[in-house]
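Participant: just a sequence and a predicted model for now, questions to come.
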2 protein chains.
Amino acid sequence: MILALAGGVGGARLASGLAQALAPGELAVVVNVGDDFEHLGLSISPDLDTVMYTLAGIHNPETGWGRAAESWHFMEALAQIGGDIWFRLGDRDLAVHIERTRRLRRGDTLSAITASFCARLAIAHMVLPVSDAPVRTLVDTGAGEFSFQDYFVRQRCEPTVTGFRFEGAAEAEPSAPLMRLLETGAINGVVICPSNPWLSVAPMLAVAQLRAFIESKRVPVVAVSPIVAGGAIKGPAAKIMRELGLEASVLGVARHYGALVDAWVMDMQDAVLKPAIERGGFAVALTDTIMSAPERSLNVARETLSLMRRVEVR
Amino acid sequence: MILALAGGVGGARLASGLAQALAPGELAVVVNVGDDFEHLGLSISPDLDTVMYTLAGIHNPETGWGRAAESWHFMEALAQIGGDIWFRLGDRDLAVHIERTRRLRRGDTLSAITASFCARLAIAHMVLPVSDAPVRTLVDTGAGEFSFQDYFVRQRCEPTVTGFRFEGAAEAEPSAPLMRLLETGAINGVVICPSNPWLSVAPMLAVAQLRAFIESKRVPVVAVSPIVAGGAIKGPAAKIMRELGLEASVLGVARHYGALVDAWVMDMQDAVLKPAIERGGFAVALTDTIMSAPERSLNVARETLSLMRRVEVR
């Protein structure tokens, strides 16, 4: 079984490629919960929803979040009565927030709720929140500390980042189904999806047992670069790297993850950086990593799994 | 100022007629909260919403509840993930439930929230929940006691009614703005709208200070019959009357309210019953009480106010 660590849109796209490439039961997608927050009294898990919607084929491919063919009548009516509309919630999308909130309140775990939703949406693979305990990403900036959604949506990632804090991560256990996978030796490899290393992957690696499992080097770890040609496909990863004084390239990301990763899938546009990555001791696969269509996601997934097999036999 | 006691659709229609007939500041609509309940973690106030939507002109005239030109994408998505769909919530309608729930949780009163929504919806008259404290209508039947929505929606009013209980009513104070009206002598007359006397009006009259004000006979009380030609326009009023062993007619309703009411507006279809009502000591106006269009509601409102003036000078 392959464990894939995913955040939002980039992670969801590779997860959907892996889901196409692997048989049911061969993939577990571990999803960031650091972006989760309470809004309008609802418990919102943006990355879980993006991964779930993408695997179910009901995601909005234009926005990278929310559902396809969405309507916005709730938001219009909310604006009419003076409600808070800075965070957009589609009419169809609301169903998961309301039902998730209801079940959390009665004591269900986030992982059990997610499994139930995924079963109803006919998703054949496991989708696991990294933890059932709250982990909250806080972004330190020149303008003060922001909660993730405040930084990401309200401030539009404009303040200069100086650091991060993952509130609750130190005490957070892996969610029960993830813990079972980590303990049973069922995992044959780990994929770090091209999600933001600081905002999406770091909050997952801040959960000690998951990090320890990956650091134990029992299974190969392959990462797909979230930076292509000096920029992120979507989101603020490259901007954050520059603000942290890092090189905004696959090389900078490889240095960030260091020995946690064994091999890198990088974009052909960055071919010139391949020797430098290899000099770092990493196996490398070059391919087109821009996952603008399902068949492209499948291709990246196949390259990733093939690279993993090469690392395994080394 | 006229105080109108209203439940759902029939009450909302007369309230909209009164709103057309009276200048801003001359009408306060007191609304039943006995149907209020918690569903999917949301605080739902069906009668308040029906009155509010009707006065704002955004109600659905076909269903008698919810908003006009509504979409149902939330419900479809909720069904898809296995949520509870026995109570239908439209996409636009959801805005008031979510925003009301959020404000109630932070400590706002139901009357303050309603006033805020009404202001945003440009409603010129006061809409007041009878109480800010919970009052819950319970229906006793041969098949056991049901909560109101269970009886009304899930059981479709099928069980035979034997009685009612208004949980919380004994301790419930009138909502603050209603209490102010009752205490300041600003009220010149009371209208009991053609809402269900047992399910909609009784829970309001169960609030002691409101009942005492009406019983004090300081101002004329005019009622519009909810029963026309032996049936209710909508809802189970006539069925309930028969189950309670009462005559399902304006005469049966007049006997039920007794001396609480001074005068009756009754439908022309029931003209034959006018002498019997008058023999009971009531002033009577005969008119077409079927409020199937706004101008018909206005007509009933005018007849009601005119009858009230006749009672006043007696």
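Facilitator: Received it, and whenever you're ready, just let me know what you need.

Participant: okay, A:Ala285 and chain B: tell me how far apart.
Facilitator: Separation of A:Ala285 from chain B (Cβ to the nearest Cβ, to the nearest Å): 37 Å. Every residue, glycine included, has its C-beta placed from N, CA and C.

Participant: which SSE is that residue in?
Facilitator: Assessed by DSSP states H and E, A:Ala285 sits inside strand A:283-287.

Participant: ok, and what's touching that strand?
Facilitator: A:262-268, A:271, A:274, A:277-278, A:299-300, A:303-304, A:306-307, A:310-311, A:314 (Cβ atoms under 8 Å, 6 or more residues apart in numbering or on different chains).

Participant: pLDDT of it, averaged?
Facilitator: The average pLDDT within strand A:283-287 is 98.

Participant: check which residues of that strand are buried.
Facilitator: For strand A:283-287, the neighbour count (16 or more other Cβ atoms under 10 Å in any protein chain shown) marks A:283-287 as buried.

Participant: and for stretch A:214-227?
Facilitator: So, applying 16+ other Cβ under 10 Å, buried residues of stretch A:214-227: A:214, A:219-227.

Participant: try stretch A:253-261
Facilitator: A:253-254, A:256-257, A:260-261.

Participant: ditto for stretch A:14-25
Facilitator: Those would be A:14-22, for stretch A:14-25 by 16+ other Cβ under 10 Å.

Participant: tell me which other helices or strands the lowest-mean-pLDDT helix or strand in chain A touches.
Facilitator: Least confident helix or strand of chain A, by mean pLDDT, DSSP states H and E, is strand A:231-232 with a mean of 86. Contacts defined by 3 or more Cβ pairs under 8 Å, 6 or more residues apart in numbering or on different chains; DSSP states H and E place strand A:231-232 against helix A:237-243.

Participant: how far does the helix it packs on sit from its chain's centre?
Facilitator: Between the centre of helix A:237-243 and the centre of its chain there are 17 Å (Cα atoms, centre = their mean, to the nearest Å).

Participant: angle of the lengthiest helix in chain A against strand A:283-287?
Facilitator: Identified as the longest helix of chain A according to DSSP state H is helix A:294-313. Using axes from the mean of the first three to the mean of the last three Cα atoms, to 10 degrees, the inter-axis angle of helix A:294-313 relative to strand A:283-287 is 160 degrees.

Participant: so where's the stretch 201-314 of chain A uncertain?
Facilitator: A:313-314 (pLDDT under 70).

Participant: hmm, try it at 80
Facilitator: A:312-314 (pLDDT under 80).

Participant: nearest to chain B within it, name that residue for me.
Facilitator: A:Pro294 (21.0 Å; Cβ to the nearest Cβ).

Participant: tell me the one among the buried residues of strand A:283-287 nearest to A:Ile240.
Facilitator: Distance to A:Ile240 across the buried residues of strand A:283-287 (Cβ to Cβ) is lowest for A:Val284, with 23.8 Å.

Participant: near chain B, which residues of the stretch 101-250 of chain A?
Facilitator: Neighbours of chain B within the stretch 101-250 of chain A, by Cβ under 8 Å from any Cβ of the partner chain: A:101-102, A:105, A:116-117, A:120-121.

Participant: the buried residues of stretch A:214-227: which two are farthest apart?
Facilitator: Maximum distance among those (Cβ to Cβ): 24.6 Å, for A:Val219 and A:Ile227.

Participant: let me see the ranges of the strands in the stretch 101-250 of chain A.
Facilitator: Using DSSP state E, counting those that start in this stretch, the strands of the stretch 101-250 of chain A run over A:126-129, A:136-141, A:144-147, A:161-167, A:189-192, A:221-224, A:227-228, A:231-232.

Participant: what is the burial count for A:Pro134?
Facilitator: 17 (other Cβ atoms under 10 Å in any protein chain shown).

Participant: that one touches A:Asp36, doesn't it?
Facilitator: Yes - counting by Cβ atoms under 8 Å, A:Asp36 is a contact partner of A:Pro134 at 7.0 Å.

Participant: and A:Val191, what pLDDT?
Facilitator: 98.

Participant: again with the one 4 residues further on
Facilitator: In this prediction, A:Ser195 carries a pLDDT score of 96.

Participant: on that earlier part again, the strands of the stretch 101-250 of chain A: which one's closest to B:Thr109?
Facilitator: Of the strands of the stretch 101-250 of chain A, nearest to B:Thr109 by Cβ to Cβ is strand A:144-147, at 29.0 Å.

Participant: contact partners for A:Lys151?
Facilitator: Quick fix: residue A:151 reads Tyr, not Lys. A:139, A:141, A:157, A:159.

Participant: repeat that for 7 Å
Facilitator: A:Tyr151 sits next to A:139, A:157, A:159 when contact means Cβ atoms under 7 Å, 6 or more residues apart in numbering or on different chains.

Participant: save the residues you listed as TSV, and put in neighbour count, pLDDT and distance to B:Ala232 too.
Facilitator: Formatted as TSV, these follow (neighbours: other Cβ atoms under 10 Å in any protein chain shown; pLDDT from 0 to 100; distance: Cβ to Cβ, whole Å):
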residue	neighbour count	pLDDT	distance to B:Ala232
A:Val139	24	97	59
A:Cys157	18	94	58
A:Pro159	18	95	61
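
Participant: what's in contact with stretch A:58-76?
Facilitator: By Cβ under 7 Å, 6+ apart, stretch A:58-76 touches A:8-9, A:46, A:50, A:53, A:85, A:88-94, A:234, B:71, B:73, B:91-92, B:94-95.

Participant: got a ChimeraX select line for the buried ones in these?
Facilitator: To isolate the buried members of those in ChimeraX, using 16+ other Cβ under 10 Å:
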select /A:8,9,46,50,53,89,90,91,92,93,94 /B:71,73,91,92,94,95
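
Participant: about what we covered before: distance to chain B and secondary structure added to the buried residues of stretch A:253-261, as TSV?
Facilitator: Putting the buried residues of stretch A:253-261 into TSV (distance: Cβ to the nearest Cβ, whole Å; DSSP: H, G, I helix; E, B strand; the rest coil) gives the following:
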residue	distance to chain B	secondary structure
A:Val253	35	helix
A:Ala254	39	helix
A:His256	37	helix
A:Tyr257	35	helix
A:Leu260	35	helix
A:Val261	35	coil
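
Participant: out of these, which is nearest to A:Pro174?
Facilitator: Distances from A:Pro174 to the buried residues of stretch A:253-261, taken by Cβ to Cβ, are shortest for A:Leu260, at 16.8 Å.

Participant: list the contacts of the residue nearest to that closest one when sequence neighbours are not counted.
Facilitator: Nearest residue to A:Leu260 in three dimensions, chain neighbours excluded: A:Ile214, at 5.9 Å (Cβ to Cβ, 6 or more residues apart in numbering or on different chains). Listed by Cβ under 7 Å, 6+ apart, the contact partners of A:Ile214 are A:190, A:221, A:260.
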